[in-house]
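Trainee: task: produce atomic coordinates for the following.
(2 chains)
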Amino acid sequence: GALVYQYPRRTICKSGTSMRMECQAVGFQATSVAWYRQSPQKTFELIALSTVNSAIKYEQNFTQEKFPISHPNLSFSSMTVLNAYLEDRGLYLCGARVGTGGDTQYFGPGTRLLVL
Amino acid sequence: GDSVTQTEGLVTLTEGLPVMLNCTYQTIYSNPFLFWYVQHLNESPRLLLKSFTDNKRTEHQGFHATLHKSSSSFHLQKSSAQLSDSALYYCALSGDTNAYKVIFGKGTHLHVLP
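Mentor: Numbers count the residues shown, from 1 in each chain, chains lettered A, B, ... in the order given. Take a look at the predicted model:
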């Protein structure tokens, strides 16, 4: 079956430091990977969408300078939160799809980021 | 642009009563795909059901939804709520077969009381 792993599951970083999180698709090739942030204040936000053979597209209020993403192959993606501050706290979810349209988006368990 | 609007916040009801979570959407696509995802506590969202066909009922695990393009709606229903249905529910939309992006609503928290 299709599985998505995320690492680490939980991390704590000091304010102003950076942390990197990873997303691994197992059992399928992900032609697109979407990164989301889930927080109590702003519920479920799409950060960026990375698709094969296309530039990574960031949503409003999210930038490559703050959330650089790497998507080197069809099974792996990583995202870094640079200069993390309190408002960056939340659960970062990775969603991967095989194709487009009606294809299911499979989510990883998330990386929970705490900022001190 | 594309957007999804669903019943926001918390919906509380007693076990055994019917469930209805509203979802409406706006899209530039004439043939969108609509999804419902469910997220239980300490888990990640997973697909509950999806539809592409106008006016056709889709069912899974006791839940059902019908895509109505005339009203741009895809409401989630269940005839009798169970305690285990307590979760966060997201309505989502994707464009046609060339669309990679999935647009999620803000989520509805369903809390079922005994």
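Trainee: which parts of chain A sit against chain B?
Mentor: By the rule C-beta under 8 Å from any C-beta of the partner chain, the part of chain A lying against chain B is A:31-32, A:34, A:36, A:43-44, A:46, A:49, A:51, A:93, A:95, A:97, A:99-105, A:107-110. No exception for glycine: its C-beta is placed from N, CA and C like everyone else's.
Trainee: hmm, try it at 7 Å
Mentor: By the rule C-beta under 7 Å from any C-beta of the partner chain, the part of chain A lying against chain B is A:32, A:34, A:43-44, A:49, A:51, A:93, A:100-102, A:104-105, A:107-110.
Trainee: so which of the residues you listed comes closest to B:Asn98?
Mentor: Of all these, B:Asn98 sits closest to A:Thr100, with 5.8 Å by C-beta to C-beta.
Trainee: among the residues of chain A next to chain B, which ones are in helices?
Mentor: Among those, none falls in helices (DSSP state H).
Trainee: what is the neighbour count of the spatially closest residue to A:Met19 that is not a sequence neighbour?
Mentor: Counting by C-beta to C-beta, 6 or more residues apart in numbering or on different chains, A:Met19 lies nearest to A:Cys13, which is 4.8 Å off, once chain neighbours are set aside. Neighbour count of A:Cys13, defined by other C-beta atoms under 10 Å in any protein chain shown: 15.
Trainee: quick one: contacts for B:Asn22?
Mentor: B:Gln6, B:Thr7, B:His75 (C-beta atoms under 7 Å, 6 or more residues apart in numbering or on different chains).
Trainee: let me fix that: B:Ser3
Mentor: By C-beta under 7 Å, 6+ apart, the neighbours of B:Ser3 are B:Tyr25, B:Gln26, B:Ile103.
Trainee: thinking again about what came up before, of all the contacts of B:Asn22, which comes closest to B:Phe52?
Mentor: Nearest member of the contacts of B:Asn22 to B:Phe52, counting by C-beta to C-beta, is B:His75, at 16.3 Å.
Trainee: strand partners (parallel or antiparallel) of the worst-scoring helix or strand of chain B on mean pLDDT?
Mentor: Lowest mean confidence among the helices and strands of chain B (mean pLDDT, DSSP states H and E): strand B:102-104, at a mean of 91. When sheet partners are counted by DSSP bridges, strand B:102-104 sits next to strand B:87-94 (antiparallel).
Trainee: just the C-alphas of the strand it pairs with, formatted as PDB.
Mentor: C-alpha atoms of strand B:87-94 as PDB (Å, rounded to 0.1, in the frame of the first residue of the first chain):
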ATOM      1  CA  ALA B  87     -12.800  13.800  14.500                       C
ATOM      2  CA  LEU B  88     -11.800  16.700  12.300                       C
ATOM      3  CA  TYR B  89     -13.400  16.600   8.800                       C
ATOM      4  CA  TYR B  90     -12.000  18.400   5.800                       C
ATOM      5  CA  CYS B  91     -13.700  18.900   2.500                       C
ATOM      6  CA  ALA B  92     -11.300  19.300  -0.400                       C
ATOM      7  CA  LEU B  93     -11.300  20.000  -4.100                       C
ATOM      8  CA  SER B  94      -9.100  19.200  -7.000                       C
END
